[in-house]
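Enquirer: I'd like to go over a predicted model; first the sequence, then the structure.
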Amino acid sequence: MSSHSGQAAPRALILAAGAGVRLHDGRPNGEELPKALLRFGGRSLLERHLASLRAAQVTDISIVVGYREDAIRKELDGNGGASARLIINPDFEKGSIVSLLTGREILESGTPVILMDADVLYDVRLLARLLRADKPNCLLLDRDIEPGDEPVKLCVANGHIVDFHKRPKIPHEWHGESVGFFRFTQDAAAELAKRAQAYVESGLTSLEYEEPIRDMILASPPDRFGFEDISGLPWTEIDFPQDVIKARALLPLLGE
């Protein structure tokens, strides 16, 4: 549980609408399962998300779906009737920022929000660290980062986040890779919804959902957003075929 006494329990918003274009070499034919339904150790990523959240006493869970939402609904039905609300994004092919805006009801609900990518296999201790971090607005980072433009980089100077981008533009002392899990206060979550709406209304739907998060960080006082360093804990985002191999190799290292 979060150590922030007096705050309402956080709601979880999982982004799971994408078609996994890069995983399927750019040619998904509509038969492949959503990445959230990839199975590792006999359990889907989605099943693992739900179990981890509930173990942390986060029980109000919403999932933004689009591609093959029928398969995700079937998975939930087969998972003991697991209670999670599905929010359908009919425009999921336009980009993840549209999926973020599709969840605006959760972002504007007046409660803290845990925002999560669905395509991550991770040790449950990552989520515990996010919930227990001192900063009410918190991002997770891993210093063990692969080179290149693909990882989203969380950049730090003087102990504060100064940039958040695949190709950082602001000088910094060091950076780590963003895990794709965030904890926002009710005010920050509501602001994020407004910023996402502005992008979509401007036609900038092909951008990643991290763009409005970056804008919010850069427009805020340095101490509004903090980070938790989870270096050393096993996790991987699954975007490419080689990531599936990496995920399977991580299984024996995961805390259940």
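Expert: Received it, and whenever you're ready, just let me know what you need.
Enquirer: by mean pLDDT, which helix or strand of the chain comes out lowest?
Expert: Least confident element among the helices and strands of the chain, by mean pLDDT, DSSP states H and E: helix 69-78 (a mean of 88).
Enquirer: I'd like the distance between the closest residue in space to residue 250 that isn't next to it in sequence and residue 57.
Expert: Distances taken as CB to CB, 6 or more residues apart in numbering place residue 234 nearest to residue 250, at 4.6 Å, with adjacent residues excluded. The C-beta positions use only the backbone N, C-alpha and C, and glycine is treated the same way. Distance of residue 234 to residue 57, given as CB to CB, to the nearest Å: 23 Å.
Enquirer: who has more neighbours, those two?
Expert: Taking other CB atoms under 10 Å, residue 234 and residue 57 do not tie; residue 234 has more neighbours (20 against 11).
Enquirer: ramachandran coordinates for that one?
Expert: Backbone geometry at residue 234, expressed as degrees, to the nearest 10, gives phi -80, psi 130.
Enquirer: that one against residue 252, yeah?
Expert: No. Residue 234 is beyond contact range of residue 252, at 9.1 Å (criterion: CB atoms under 8 Å).
Enquirer: about what we covered before: for the least confident helix or strand of the chain, which helices and strands make contact with it?
Expert: In terms of contact count using 3 or more CB pairs under 8 Å, 6 or more residues apart in numbering; DSSP states H and E, helix 69-78 is assigned the packing partners helix 45-55, strand 61-65, strand 85-88.
Enquirer: any idea which of those is most buried?
Expert: Comparing these by mean neighbour count (mean count of other CB atoms under 10 Å), strand 61-65 ranks first with a mean of 24.
Enquirer: and residue 183, how many neighbours?
Expert: Neighbour count of residue 183, defined by other CB under 10 Å: 27.
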